[in-house]
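*Asks:* Sequence first, then the predicted structure, then my questions.
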Amino acid sequence: MSLNSIEEKLLAGKWIAGDRISDAIRVSRSFNDIGIKTIINYLGEEYRKKSDINSSVFEYLKLVKEIKRENVNADIAIKETQVGLLASKSEFLKNYKKIVDTASRSRLFVWLDMEEYEFVSDTIDVYLKFVEKANTGICIQSYLKRSQSDLKFLLKNHAVVRLVKGAHRVKGGDFYDNKGTDRNYFRLMDYLFKNGKTFTIASHDSRIIEKARRLNKKYKRNVTYAMLEGIRDSYAKELVNNGENVSMYVPFGPKWKEYAYRRMKEVGNLKLVIRSLIGG
Ligand SMILES: Cc1cc2nc3c(=O)[nH]c(=O)nc-3n(C[C@H](O)[C@H](O)[C@H](O)COP(=O)(O)OP(=O)(O)OC[C@H]3O[C@@H](n4cnc5c(N)ncnc54)[C@H](O)[C@@H]3O)c2cc1C
């Protein structure tokens with residue numbers, strides 16, 4: 001699918017709160033007003049330069065302060081390569097700790113997003129160093145064959161997990177294709193319901209969400225359903241109206257291109273693009 005820049009900006013505007021922290025706060029407040037918590041992400045990834053890494057960390061520290069000051073109901077989500085993993089694992093660890101400690105003082109929850117497969121081991125490793133803190137969670141992707149054993153290990157170590165299909169998919173022996181990814185999602189979700197207490201089912205796929213709701217009638221876990229801003233907002237609202245906990249991932253910042261392109265690839269057919277634009 002090729003889109004011109006006006007269409008790109010239209011879509012990006014639907015999926016991204018704006019350039020500034022104040023935009024993310026404004027959008028979060030409007031979701032809070034209808035009973036939806038948000039997960040705010042400052043856009044940016046794959047930084048190697050110290051100056052880029054440091055300014056991301058600085059923006060997150062500012063974001064924590066603003067969420068607290070404005071009293072909005074929001075978690076934050078950070079990416080490992082945004083805060084130092086491509087410089088070194090110790091740089092990532094140092095910056096992650098700084099953000100987690102600051103957020104913890106403000107009682108905010110910090111999600112670690114999951115990027116490409118080559119970062120998974122280091123991301124889990126760093127996450128587990130802080131798992132005893134009550135305010136941290138990690139994302140697991142069902143397109144990865146390794147995720148079954150990662151999930152087992154993480155739950156054994158009391159992790160809080162957010163399950164997704166995976167936005168950085170590649171082909172090959174260690175990865176599932178689309179059908180396999182969906183099947184594995186159901187398998188991992190089953191495991192979460194049987195063995196987890198508090199977790200997040202992050203998807204726009206009604207088959208997944210409705211199955212999770214049925215499972216929760218039996219298991220009665222502390223489940224949150226999470227979606228990305230601008231994809232299926234009215235479905236999210238419907239879930240809240242049916243008594244479910246719902247979070248909305250709200251990205252902001254000027255570095256929107258990589259994120260918007262991933263979303264465009266996912267809504268790779270025109271029907272879904274139009275549905276995203278007019279409401280979903
Ligand atoms: C809160 C959250 C956090 C995430 N964090 C990460 C992360 O850290 N790392 C990562 O790799 N990925 C992350 N993702 C992205 C995720 O991995 C998927 O790429 C993305 O969610 C698309 O997968 P899906 O489960 O929605 O299923 P898809 O297979 O993309 O969509 C399933 C179905 O949903 C329906 N649908 C989709 N869009 C629409 C629409 N506009 N209108 C109506 N129906 C629609 C259609 O029926 C479609 O067939 C996150 C996603 C969410 C929601």
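*Replies:* Alright, I've got the coordinates. All of these numbers come straight from a predicted model, not from anything done at the bench.
*Asks:* Isn't I40 up against N73?
*Replies:* No: I40 lies out of contact with N73 (CB atoms under 8 Å); the separation is 10.8 Å. Bear in mind the C-beta positions are built from the backbone N, C-alpha and C, glycine included.
*Asks:* Identify the contacts common to those two.
*Replies:* S28 (CB atoms under 8 Å, 6 or more residues apart in numbering).
*Asks:* Which one's more surrounded, the two?
*Replies:* Each of I40 and N73 has its neighbours counted (other CB atoms under 10 Å); I40 has more, 27 against 14.
*Asks:* give me the beta-bridge partners of the nearest residue to L228 once chain neighbours are set aside?
*Replies:* Leaving aside its chain neighbours, L228 sits nearest to Y249 (4.8 Å; criterion: CB to CB, 6 or more residues apart in numbering). Counting by DSSP bridges, Y249 is bridged to I39, L228.
*Asks:* In contact with Y249, which residues?
*Replies:* Here Y249 is in contact with 38-39, 41, 77, 202, 226-229 (criterion: CB under 8 Å, 6+ apart).
*Asks:* closest to F92 among these?
*Replies:* Nearest to F92 among the contacts of Y249 is A77, at 15.1 Å by CB to CB.
*Asks:* How about the contacts made by the closest one?
*Replies:* Contact analysis of A77 by CB under 8 Å, 6+ apart lists 39-41, 110-113, 249.
*Asks:* now do 10 Å
*Replies:* 38-42, 60, 109-113, 137, 139, 162, 226, 247, 249-251 (CB atoms under 10 Å, 6 or more residues apart in numbering).
*Asks:* In strands, which of those residues fall?
*Replies:* When DSSP state E is applied, those are split such that 38-42, 110-112, 137, 139, 162, 226, 247, 249-251 fall in strands.
*Asks:* Near the ligand, list only the ones from those residues.
*Replies:* Among the ones in strands among the contacts of A77, the residues within reach of the ligand (CB under 6 Å from any ligand atom) are 139, 226, 249.
*Asks:* got those as TSV, with pLDDT columns?
*Replies:* Shown next, in TSV, are these (pLDDT from 0 to 100):
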residue	pLDDT
C139	98
A226	98
Y249	98
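*Asks:* gap between R162 and N195?
*Replies:* 16 Å (CB to CB, to the nearest Å).
*Asks:* wait, D75
*Replies:* Applying CB to CB to D75 and N195 gives a distance of 23 Å.
*Asks:* Comparing those two, which residue is more hemmed in?
*Replies:* Using other CB under 10 Å, the more surrounded residue of D75 and N195 is D75, with 23 against 14.
*Asks:* and the nearest residue in space to the more buried one that is not next to it in sequence, what is it in contact with?
*Replies:* Nearest residue to D75 in three dimensions, chain neighbours excluded: F109, at 4.1 Å (CB to CB, 6+ apart). Neighbouring residues of F109 by CB under 10 Å, 6+ apart: 37, 39, 74-77, 100, 103, 133-137, 160, 247.
*Asks:* Next: L215.
*Replies:* 186, 189-190, 192-194, 201, 221, 223.
*Asks:* Go ahead and build a PyMOL selection from the buried members of the contacts of F109.
*Replies:* In PyMOL syntax, the buried subset of the contacts of F109 is picked out as below (16 or more other CB atoms under 10 Å):
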select buried, resi 37+39+74+75+76+77+100+103+135+136+137+160+247
